[in-house]
Every structure is written in C-alpha cells, then in structure tokens.
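**Q** Coordinates for the following, if possible.
(one chain, ligands or ions: 1)
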Amino acid sequence: MTAQRTVYVNGTFVAESEAGVSIFDSALMFGDVVFETIRTFNGQPFRLRDHIERLYIGLRTLEIDCGLTAAEMEAATLQTIERNQLCFADGLDFQIVHNVSRGPLAFYHSVFADGLQPTVTINCWPLTWHLAALVDAYVSGVHAVIPSQRAVPARLIDPKIKNRSRIYYQIANLQAHKVDPQAWALLLDEDGFLTEGTGSNFFLVKENRLLTPEPRNILRGITRQAVLELAERLELPCQECNLEPYDVMTADEAFFTSTPFSIMPATRFNGHAINTGAPGPLTLRLMAAWNQMVEVDMVAQARAYAEMVAVNS
Ligand SMILES: Cc1ncc(COP(=O)(O)O)c(C=O)c1O
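**A** Numbering: from 1, shown residues only. Sure thing, here's the model as predicted:
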C-alpha cells in the first residue's frame, strides 16, 4: 500500500480528506489568512527560515497570534515533512504550504465546544503535475499579458503580506486568459508601473542589466531575492526601478520567478515577441546558475515529471 499524505491541523496530523477549515473561520469570512509556499530541492526545503520569517511578519501585521513561536512553526514544518517523507520517495520534490488564520469568528463561539483557536495548517503536495505542465514553457517561454485589473496598492492591502485576499489576482488571470488561455498575467499598479504576476515576480534584461520593479507594490519573493543574490555573484548589474509596459516591449529578455518553478522565461508580451521571441542568454545563464545552486536541473525535472504523468494517466 502506498503511504498516504497527512496534514498538520492545529497540532495533530490528519488525512488530507479529513483536513478542513470551519465555514465560520475568519479565513473564509474575510480572506483573513496568511500563507507560505515553500519547495524542496532533492527533498530539502529551500530557505525555510526566510519563508517562516515572512509568515510571521504577516501574522504580526494582522495581529494573529497563532499560538506557536517561529521556532515552533519551523519544528512543526520539519515534523510535517518527516511524516510525509515516505510519500515522496524516489527523490520526488514537493511543496510545503502553510495557511494560518485567526480562526473562527467570536460571533460563532457557541458552535465550538472546546473554545475558539487560531487555525494552523501545514501540508505537503507533490510538484509533479505543476512542473510537468511547464515543460514547453521552460523551453519556449511564456506569454506575459497585462490585464485591465490593476494590482491592489500597498496603501490599501500590502502585497508584502502573503495573504489570501487575492480575488484581484483571479480576475487578472481570467482577463489575461481571454487574450491567450496560456498567458501569464502581469499586473500594473495604479500609476501604470509593472508590479508582479499573480503568483510570481518579474524581471527584464536591458543592455545586459537586470531590471525588476521596486519592492513597493509587490510580494518580496524569496526566489526574487535569491536571483538578485545570484546575479550579484555573477557580477550582473541589477536595478530595482519603476518599469512600464514600454520597457517590456523594448526589453532584450524577460522572466518570471516563483517558488515552484524558480525562473521562467517570458518571450512574448501582449501579443508581441520580446526581442527574438526566444529565452535570452542572460536568462539561460541565470537558470543554469540556479540549477547549480539547488543541485536540480529544473527543466530536466519538469521533463521527468511530465513522463511520470504520461505513464500514470
Ligand atoms: C503575488 C506573488 N508574487 C510573487 C511570488 C513569488 O514569491 P516566492 O519567490 O517567495 O515564491 C508569489 C508566490 O506565490 C506570489 O504569490
């Protein structure tokens, strides 16, 4: 029998099918929940401490006392990974997702005989399908499309807090997919400057310089930070600055970054080719340096996962 994944729910481990959140939870009522998505490379979580720190900045900002210190959350995360290790034998990598809310609203206290408590869940999920679907995208690059939906500015809801109040990302995806079902939405802020994707950060290359939006109206991605560090190591000049759609139209190269896929070339923008319409040399150099750093060839991994998915379907 194959091992079954289990989910950490408020200190106990339950089967995925049993893991749930009350309909009275503030998460459902207000989208009042912070979260993290971490991934493993060769079974080891990447920059776990940075993710936990970001989670706790969100918890502090939203005044959610989840009942665990950051060190206890890290220990619970490692325990969740260990409990699920057997499900990811054969070197399969997976993501680890935290969802933390303040729990059911006090108004509904009579429903909860044991009293109200925050909701803390941690689950592991294979990256197989997610990455398998990206094989062609890694090779040919993705189509970045600016939807009419704008990013919510930090003065309204701060995107630096990784929260689930993100219906505007969903609307942005729906709009971008009307242009091209495969498009990746790239949102502008209220002043018309580039911000980020709906689950990723964005970079341009112009005259051998890496350019990325200022860390103002965006989630400060951990992959983004790692890419900035890699670029420094490779002595590639980098700048965080205000960028406009014009800058994408005239870019030499572009790419998205995010935890599950690391670096993804963008080769088209609003229906136009970016430069030659192929992943550029600097993007490929960063991807190679990334692979070396994490000791996983991302494209080969996506290919291997695609073959696994094909065999099992
Ligand atoms: C809106 C948004 N921006 C950027 C990112 C990339 O962040 P990270 O590199 O930490 O995964 C994410 C990741 O989910 C995101 O949701």
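**Q** From here on, just use CA atoms for contacts and neighbour counts.
**A** Noted.
**Q** residue ranges with poor pLDDT in the stretch 151-300 of the chain?
**A** By pLDDT under 70, the stretch 151-300 of the chain contains no weakly predicted segment.
**Q** what sits up against stretch 66-84?
**A** The contact list for stretch 66-84 (Cα atoms under 8 Å, 6 or more residues apart in numbering) reads 4-8, 11, 48-49, 52-53, 56, 59, 96, 100-102, 118-120, 122-124.
**Q** neighbours of residue 72, just the number please.
**A** Residue 72 has 11 neighbours, counted by other Cα atoms under 10 Å.
**Q** Repeat that for the one 10 residues further on.
**A** By other Cα under 10 Å, 11 other residues sit near residue 82.
**Q** Which secondary structure element is home to it?
**A** Assessed by DSSP states H and E, residue 82 sits inside helix 70-84.
**Q** Quick one: mean pLDDT over that helix.
**A** Here helix 70-84 scores 98 as its mean pLDDT.
**Q** That one: which residues count as buried?
**A** Neighbour counts over helix 70-84 (16 or more other Cα atoms under 10 Å) mark 73-74, 76-78, 80-81, 83-84 as buried.
**Q** for stretch 244-256, same thing?
**A** By 16+ other Cα under 10 Å, the buried positions in stretch 244-256 come out as 244-245, 247-249, 251-256.
**Q** what's the answer for stretch 102-119, then?
**A** Residues 102-105, 116-119 are the ones in stretch 102-119 that count as buried (16+ other Cα under 10 Å).
**Q** What ranges does the stretch 1-150 of the chain have for its strands?
**A** For the stretch 1-150 of the chain, the strands defined by DSSP state E, counting those that start in this stretch cover 6-9, 12-15, 33-41, 44-45, 94-101, 119-126, 142-145.
**Q** In its sheet, which strands sit next to the fourth one, and in what direction?
**A** The partner list of strand 44-45 in its sheet, established with DSSP bridges, is strand 33-41 (antiparallel).
**Q** Show me which positions of the strand it pairs with end up buried.
**A** Applying 16+ other Cα under 10 Å to strand 33-41 flags 33-41 as buried.
**Q** if we can go back for a sec, got the strands of the stretch 1-150 of the chain as a markdown table, with mean pLDDT and distance to the ligand columns?
**A** Shown next, in a markdown table, are the strands of the stretch 1-150 of the chain (pLDDT from 0 to 100; distance: least, Cα to the nearest ligand atom, whole Å):
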| stretch | mean pLDDT | distance to the ligand |
| --- | --- | --- |
| strand 6-9 | 98 | 20 |
| strand 12-15 | 97 | 25 |
| strand 33-41 | 98 | 6 |
| strand 44-45 | 97 | 13 |
| strand 94-101 | 98 | 10 |
| strand 119-126 | 98 | 15 |
| strand 142-145 | 98 | 14 |
